[in-house]
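Q: 3D, please:
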Amino acid sequence: MTAIAPRLVAFDLDDTLAPSKSPIDPRMGELLVALAERVEVAVISGGQLAQFTTQVVDRLPAASEDARARLHLLPTCGTQYYRLSADDVVTIYQRSLTDDQKSRALAAVEGEARRLGLWEPETWGAILEDRGSQITFSALGQQAPVAAKSAWDPTGEKKNALRAAVAALLPDLEVRSGGSTSVDITERGIDKAYGMRRLAEQTGISLDDMLFVGDRLDPDGNDYPVLAMGVRCHAVDGWEDTVTYLEALIPTLAVRV
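A: Numbers count the residues shown, from 1 in each chain. This next block holds a predicted model:
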């Protein structure tokens with residue numbers, strides 16, 4: 001457990017709060033609300049707002065207006081930022097790639113995926129997605145089942161090879177491994193560390209007073225930039241680990257009145 005109580009706890013989404021592209025478990029919803037009764041709570045991921053909404057927001061149990069106001073949503077690694085009101089999601093800011101950046105990113109990731117034999121002929125939904133501030137490649141499609149995604153690249157070798165190949169073609173853009181089958185392309189310098197810095201600016205809470213929970217804190221993982229910037233981190237191997245951790249952490253934090 002952390003020696004100093006955090007003022008804000010931030011979470012990765014897929015495989016930290018829920019299985020990839022899946023809704024949070026009811027117990028996780030209860031714990032997130034209980035945490036928001038004590039500290040600020042943020043979710044930061046490469047996914048888009050619709051994913052945050054269906055996986056997390058729509059699955060939260062009833063919460064006080066104050067608790068909802070302490071929830072922060074940072075899709076596409078913090079290039080978009082939203083807060084919750086009593087009954088809605090409120091946009092704080094959004095930024096986007098240029099049309100030229102998008103077209104070059106789409107061409108590069110498709111071309112390299114085909115060259116490396118990673119362009120699957122049968123998928124669950126679109127392989128490429130324009131998320132405004134981010135281009136995302138999902139090898140098996142956006143709606144692929146968790147079991148298929150887990151089996152596609154268990155070591156991360158395929159995804160990391162694609163990331164390196166695309167990065168070599170797009171030196172002006174950031175190319176990172178995303179979820180279990182995905183590669184994300186954003187503006188240069190855009191990663192979860194960027195999102196955490198923007199979160200600090202928006203909330204006035206120092207990075208030293210934050211805690212980040214994620215499942216990909218290894219050097220090749222998309223959570224690693226948060227660890228590398230010096231934010232306190234706790235590594236988990238899945239959402240069940242996060243539940244166990246929160247069940248121990250929450251009783252150590254005072255309820256805000």
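
Q: could you use CA atoms for every contact and neighbour count after this?
A: OK.

Q: got a list of contacts for the top helix by length along the chain?
A: Using DSSP state H to define each element, the chain has its longest helix at helix 99-115. For helix 99-115, contacts defined as CA atoms under 8 Å, 6 or more residues apart in numbering pick out 119, 128, 130, 135, 137, 162, 165-166, 169-170, 185.

Q: can you pull the pLDDT of the residue nearest the centre of the chain?
A: By CA atoms, centre = their mean, the chain has its centre lying nearest to residue 45, at 1.3 Å. Looking at residue 45, its pLDDT reads 93.

Q: and the nearest residue to residue 85 once chain neighbours are set aside, what are its phi and psi?
A: Using CA to CA, 6 or more residues apart in numbering and skipping residues adjacent in sequence, the residue nearest residue 85 is residue 69, 6.0 Å away. Torsion angles at residue 69 (phi, psi; degrees, to the nearest 10) stand at phi -70, psi -20.

Q: dump the residue contacts of residue 68.
A: With CA under 8 Å, 6+ apart, residue 68 has these contacts: 33, 36, 84-86.

Q: pull out the buried residues from these.
A: Among these, those classed as buried by neighbour count (16 or more other CA atoms under 10 Å) are 33, 36, 84.

Q: would you confirm that the first one contacts residue 65?
A: No: Residue 33 is beyond contact range of residue 65, at 10.9 Å (criterion: CA atoms under 8 Å).

Q: where does residue 10 land in three-state SS?
A: When classified by DSSP: H, G, I helix; E, B strand; the rest coil, residue 10 comes out as strand.

Q: isn't it right next to residue 210, touching?
A: Yes: at 7.4 Å, residue 10 counts as touching residue 210 under the criterion of CA under 8 Å.

Q: and residue 58, how close does it get to residue 36?
A: Distance, residue 58 to residue 36, using CA to CA, to the nearest Å: 16 Å.

Q: what do you get for residue 208?
A: 19 Å.

Q: residues in contact with the residue lying closest to residue 234 once chain neighbours are set aside?
A: Nearest-residue entry for residue 234: residue 213, 4.9 Å, with adjacent residues in sequence omitted and distances by CA to CA, 6+ apart. Residues near residue 213 by CA under 8 Å, 6+ apart: 9-12, 16, 233-236, 242.

Q: correct me if wrong, but residue 213 is in a strand.
A: Yes: the assignment for residue 213 is a strand, going by three-state DSSP.

Q: and whichever strand or helix holds residue 199, how far out from the chain middle?
A: Counting by DSSP states H and E, the element that carries residue 199 is helix 192-203. How far helix 192-203 lies from its chain's middle: 13 Å, per CA atoms, centre = their mean, to the nearest Å.

Q: so, low pLDDT: which residues of this protein?
A: 1-3 (pLDDT under 70).

Q: where do the strands of this structure begin and end?
A: 8-11, 40-44, 71-74, 80-84, 89-94, 128-130, 135-138, 173-177, 182-187, 210-214, 232-235 (DSSP state E).
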